[in-house]
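Asks: Pasted the sequence and its predicted model underneath.
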Amino acid sequence: MASSGGSATTVGSRQHVGFVELFFDVAFVFAFTRFSERLVEDFTLLNSWTTLVLMLAMWWLWYRMVWTTNRYDPDRPAIQLMVILTMLGSLLMSAAVPAAALTESGAVFAGVYVAVQALRQLWLLLLGGKNGYPPLVNIRILFWTAMSAVPWIAGTFARDGPRLALWTGAIIIDYGGGLLDFPTPRLGRAGLRGQPISEEHLTERCRQLLIIALGEAVLASGVQFSPYGFQRDRTAALLVSFFITVLLWQLYYYRAGALLRAAIGSASAPARVGELAAYAHLVMVIGVSLSAVGDTLIIAHPTGHSTWASVTVIFGGPVLFLIGRSMLDYVAFSRVSWSRPIGVLLLAALAPAALRLPPIVVAMIVAVVLAAIALSNVFAWRLVPRALAPPHTPAR
């Protein structure tokens, strides 16, 4: 159901995801592939942090577009054209990802990002129509976009550490504005958390992106495996990596993932709970992307020597996923299943011992832990079923 308000009927009646939005989400497969490639090529602290910053920028672009099409009708030609232009921008940003931190490609990534974010709000002001956000809401978002544009553009004139520092500051401004509800001098907060939403639309968009990330993990495994034929050790590694991906899917969808729409719709502040759900998906998507990197490592060197970097990737992806899944538990039930933090602590405790094991065995440990969590969820749900209980959060 949509929240009450002047446009609640318009928003609530449009529950479907438009075809142009499906097209837009598929384009993000390329972005996830590029992020995985970047980490595989150079898994160092500096490169990992840079990749995280770029990934957060791509996510923020996707996130703002999701909320835009949640409020505006994506079947309108003006909105469809805006989505297509944003998709083109995301494609250009994805192409610049591998070298964006070190070369002139950084100007492409940052310039396109700033242009897309600013032009979207200007577009909505001019062509959004009467059923979208009030004009002052778009002006507030545009104000914060202009603030973050300064370090984004300044970073294109810097290199390495200074560029990364400026872009990190820009990301903090972007996300800070959203978390604070875009407070603007003389105008106050945007009040987005009190706006009507379509919970089915938001749920489907979040699910789609996570499924795309899981699909990218399968794709990365297949691409890594194909040059080796059916060598015994690498075939075993492929099967283990596929099993891990299937377990991540099962852990996501079981109960909280399946009940997300109802949880958002029954909340006292649906937009606020939807926001929490979207950030939970952000953490899970990063975890799946990191897990995809781990899959390529275990297929490339299944019986090799494990390093801290490889163990961090193979364990770290599922750990982040479990953290995000715990956040989703809280969104649906206002509590966290005990099996998820236990799984996180268990993997962290086993990390030092995993250094003495080959990568394929390290991955098998992950598979066993995830399978145990999945089985405990099934048994726990059948013994003590939970009722939906989304958190009571204020709209502002």
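Replies: On my side now, so go ahead. Residues are numbered from 1 along each chain as shown.
Asks: and residue 213, what is it in contact with?
Replies: 32, 284, 285, 288, 289, 292 (C-beta atoms under 8 Å, 6 or more residues apart in numbering). For the C-beta atoms, the positions are set from N, CA and C on the backbone; glycine is no exception.
Asks: what pLDDT does it get?
Replies: In this prediction, residue 213 carries a pLDDT score of 88.
Asks: how close does it get to residue 32?
Replies: 6 Å (C-beta to C-beta, to the nearest Å).
Asks: Assess the claim that residue 189 and residue 178 are in contact.
Replies: No. Between residue 189 and residue 178 there is no contact under C-beta atoms under 8 Å: 11.3 Å.
Asks: Of these two, which one has the most company?
Replies: residue 178 (20 against 15; other C-beta atoms under 10 Å).
Asks: Which secondary structure state does that one sit in?
Replies: helix (DSSP: H, G, I helix; E, B strand; the rest coil).
Asks: Roughly how far does it sit from residue 278?
Replies: Residue 178 sits 10 Å away from residue 278, going by C-beta to C-beta.
Asks: Return every residue with contacts to both of these two.
Replies: residue 63.
Asks: Flag every buried residue along stretch 128-142.
Replies: Within stretch 128-142, the residues that count as buried by 16 or more other C-beta atoms under 10 Å are 128, 132, 133, 137, 138, 139, 140, 141, 142.
Asks: Tell me the one among the residues you listed nearest to residue 194.
Replies: For residue 194, the closest of those turns out to be residue 137, at 10.8 Å, with distances computed as C-beta to C-beta.
Asks: Test my guess that that closest one contacts residue 192.
Replies: Yes. Using C-beta under 8 Å, residue 137 is in contact with residue 192, at 6.9 Å.
Asks: Overlap in contacts, these two.
Replies: With C-beta under 8 Å, 6+ apart, residue 137 and residue 192 have common neighbours residue 182.
Asks: Mind listing what's buried along the helix or strand where residue 373 lies?
Replies: Here residue 373 sits within helix 359-383, counting by DSSP states H and E. Under the neighbour-count criterion of 16+ other C-beta under 10 Å, helix 359-383 has 359-360, 362-367, 369-371, 373-374, 376-377 buried.
Asks: Just name the closest of those to residue 264, please.
Replies: The closest of those, once distances to residue 264 are taken by C-beta to C-beta, is residue 377, at 21.0 Å.
Asks: secondary structure class for the residue nearest the centre of the chain?
Replies: By C-alpha atoms, centre = their mean, the mean C-alpha position of the chain lies nearest to residue 282, the distance being 2.9 Å. State at residue 282, reduced to three classes by three-state DSSP: helix.
Asks: Could you pull up the residues touching it?
Replies: So residue 282 contacts 56, 59, 63, 324 (C-beta under 8 Å, 6+ apart).
Asks: In helices, which of those appear?
Replies: 56, 59, 63, 324 (DSSP state H).
Asks: Tell me how many other residues surround the residue lying closest to the third one once chain neighbours are set aside.
Replies: It stands for residue 63. The shortest distance from residue 63 to any non-neighbouring residue, by C-beta to C-beta, 6 or more residues apart in numbering, is to residue 278 (6.1 Å). Residue 278 has 21 neighbouring residues, counting by other C-beta under 10 Å.
Asks: Helix or strand: which one has residue 278?
Replies: helix 270-300.
Asks: Now do that helix and helix 359-383, the angle between them.
Replies: 140 degrees (axes from the mean of the first three to the mean of the last three C-alpha atoms, to 10 degrees).
Asks: for the record, mean pLDDT for helix 270-300?
Replies: In the prediction, helix 270-300 has an average pLDDT of 91.
Asks: and residue 237, what does it touch?
Replies: Neighbours of residue 237 in contact, by C-beta under 8 Å, 6+ apart: 225, 298, 299, 302, 359, 360, 363.
Asks: Would you mind measuring from it to residue 337?
Replies: 30 Å.
Asks: quick one: low-confidence parts of the stretch 51-200 of the chain?
Replies: 98-103 (pLDDT under 70).
Asks: Go again with 90.
Replies: For the stretch 51-200 of the chain, the stretches with pLDDT under 90 are 51-52, 55, 69-77, 79-80, 90-108, 126-135, 156-164, 190-200.
Asks: Helices of that one, start to end?
Replies: Assigned by DSSP state H, counting those that start in this stretch, the helices in the stretch 51-200 of the chain fall at 77-96, 105-127, 135-155, 160-179, 199-225.
Asks: For the closest residue to residue 155 other than its chain neighbours, list the residues it contacts.
Replies: Excluding the flanking residues, the one nearest residue 155 by C-beta to C-beta, 6+ apart is residue 166, at 3.8 Å. Contacts for residue 166 (C-beta under 8 Å, 6+ apart) come out as 151, 152, 154, 155, 158.
Asks: can we see that at 6 Å?
Replies: Contacts here follow C-beta atoms under 6 Å, 6 or more residues apart in numbering; on that basis residue 166 touches 151, 154, 155.
Asks: distance of the last one from residue 168?
Replies: In this structure, residue 155 and residue 168 are 9 Å apart, going by C-beta to C-beta.
Asks: Between these two, point out the one with more neighbours.
Replies: Counted by other C-beta under 10 Å, residue 155 and residue 168 do not tie: residue 155 has more neighbours, with 25 against 17.
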